[in-house]
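Asker: here are the coordinates; sequence isn't available:
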């Protein structure tokens, strides 16, 4: 029980999560980002929505006690533990286009977008149906006066984690991020664990 | 020429906008919000994306000089004039669910979401394909330290406007907002004008 799965650096995974199950996402080595998407298992046109979440939670900073909502105004995931408290929900997954834009001198990678698209395809989810991800451990401060944002290295340390409870049956996509800026240029793995009771960690 | 169309209070419209055409959205009476969506005319699975826009523009405050991007990392609309300088791109359109959530004692309205869904249906766009809108004139300050947001009345005055140039052929959805908080409880019309040259106003 309590088996932990590792997502290798610069790759992704997808899996189902039943209502009531707990998903714990762990940063095993520290300073790594994991882009997470969630879709309704019974109808993948229902999808995680940063806008609905910002509206109902009245904040762009989501942590323990907050809920991640769908485009149909239903609760998808409740955050029940969080040892970092800093995640991003503003940005879309890195992709070949963002690599060309932000790192013109570096090799192009398909990024979290390509990794999520491949992992989610068996569930009938198209690349165009990939919205803003909940970017776990991603550190994107916003200047409240100017609106300007910047992408800083995560503050997560080895073993830091976040635990979320599924509020409905879900298909979840999860990555170990591929972009340079979001993890300080160090590509590391991400671990995750699915549990069925309250003892997630 | 230069015909102005009025969107009555608490309603919506949809229309095509050819590459190079200018769309001017006007607040004729002041303090009103207009939710705007944009889709690729040739393939409506391409859609306006707040996350791609925040990433490429490196800000959540969009005004003259900024571009609104699609989920496929293409430029959709360039903001070329803006007499207000305060718009929101964080929130999804108001809907029956948001009315029940935020105004439990008031009559439920289908909101901008329902108005956009009806107006966009003839273009083959489903309600589930409605993402965060670019909420013109909507005043949503974010506290940079806590992440908390609030919805304040718009600062737009009668006759204020924003002009955007289409960077590709588009289907556009546009509303006169139906929610109480976003326009200070006064439901007013929104005007728009489509022009083909640089003389948009």
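Answerer: Sure thing, it's come through. A quick note: this is a predicted structure, and the numbers were derived from the prediction, not measured. Numbers count the residues shown, from 1 in each chain, chains lettered A, B, ... in the order given.
Asker: the longest helix seen in chain A near chain B at all?
Answerer: Longest helix in chain A, counting residues (DSSP state H): helix A:111-120. No: if you take CB under 8 Å from any CB of the partner chain as the test, helix A:111-120 misses chain B, and the best it gets is 9.3 Å. Bear in mind the C-beta positions are built from the backbone N, C-alpha and C, glycine included.
Asker: mind listing residues that contact the helix or strand encompassing residue A:76?
Answerer: Residue A:76 belongs to strand A:75-82 when elements are defined using DSSP states H and E. Residues from elsewhere that reach strand A:75-82, judged by CB atoms under 8 Å, 6 or more residues apart in numbering or on different chains: A:22-24, A:38, A:48, A:62-70, A:161-168, A:170, A:200-201.
Asker: repeat that for stretch A:184-194.
Answerer: Residues contacting stretch A:184-194 (CB under 8 Å, 6+ apart): A:2-10, A:13, A:15, A:17, A:21-32, A:34, A:153-154, A:174-178, A:200.
Asker: counting neighbours, what do you get for the nearest residue to residue A:149 once chain neighbours are set aside?
Answerer: Distances taken as CB to CB, 6 or more residues apart in numbering or on different chains put residue A:142 closest to residue A:149, at 4.9 Å, once the chain neighbours are dropped. Neighbour count of residue A:142, defined by other CB atoms under 10 Å in any protein chain shown: 23.
Asker: tell me the contacts of residue A:142?
Answerer: Each residue near residue A:142 by CB under 8 Å, 6+ apart is listed here: A:60, A:90, A:148-149, B:60, B:142, B:144, B:147.
Asker: among the residues you listed, name the buried ones.
Answerer: Neighbour-count burial (16 or more other CB atoms under 10 Å in any protein chain shown) is assigned, among these, to A:60, A:90, A:149, B:60, B:142, B:144, B:147.
Asker: wait, which of these is closest to residue A:122?
Answerer: Taking CB to CB as the measure, residue A:122 lies nearest residue A:90 of these, at 28.4 Å.
Asker: right, and that closest one touches residue B:58 too?
Answerer: No: the pair residue A:90 / residue B:58 is not scored as a contact, 10.9 Å apart, by CB atoms under 8 Å.
Asker: ok, back up a step: farthest pair within the contacts of residue A:142?
Answerer: Among the contacts of residue A:142, A:148 and B:147 lie farthest apart (CB to CB), at 15.0 Å.
Asker: helices along chain A, start to end?
Answerer: Using DSSP H, the helices found in chain A span residues A:50-57, A:96-102, A:111-120.
Asker: the first one versus strand A:75-82: what angle between them?
Answerer: Angle of helix A:50-57 versus strand A:75-82, following axes from the mean of the first three to the mean of the last three CA atoms, to 10 degrees, is 70 degrees.
Asker: got the buried residues for the strand holding residue A:76?
Answerer: Quick answer for strand A:75-82 (16+ other CB under 10 Å): A:76-79, A:82.
Asker: closest one to residue B:129 out of the residues you listed, please.
Answerer: Using CB to CB, those come closest to residue B:129 at residue A:76, 17.9 Å.
Asker: and the closest one, how far from chain B?
Answerer: 14 Å (CB to the nearest CB, to the nearest Å).
Asker: out of the helices and strands in chain A, which is least certain?
Answerer: Using mean pLDDT, DSSP states H and E, helix A:96-102 stands out as the lowest-scoring helix or strand of chain A, at a mean of 92.
Asker: what sits against the most centrally placed residue in chain A?
Answerer: Centroid-nearest residue in chain A, with CA atoms, centre = their mean: residue A:36, separated by 2.4 Å. Taking CB under 8 Å, 6+ apart, we find residue A:36 in contact with A:25, A:48, A:133-136, A:172-175.
Asker: so what's the closest residue to it other than its chain neighbours scoring on pLDDT?
Answerer: Nearest residue to residue A:36, sequence neighbours excluded (CB to CB, 6+ apart): residue A:134, at 4.7 Å. Listed pLDDT for residue A:134 reads 98.
Asker: partners of the strand holding residue A:76 in the sheet?
Answerer: According to DSSP bridges, strand A:75-82 forms sheet pairs with strand A:67-69 (antiparallel), strand A:160-166 (antiparallel).
Asker: format those as JSON lines; extra columns: mean neighbour count.
Answerer: Formatted as JSON lines, the strands paired with strand A:75-82 follow (neighbours: other CB atoms under 10 Å in any protein chain shown):
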{"stretch": "strand A:67-69", "mean neighbour count": "21"}
{"stretch": "strand A:160-166", "mean neighbour count": "23"}
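Asker: between these, which gets nearest to residue A:42?
Answerer: It's strand A:160-166; of those, that one is closest to residue A:42 (CB to CB) at 13.0 Å.
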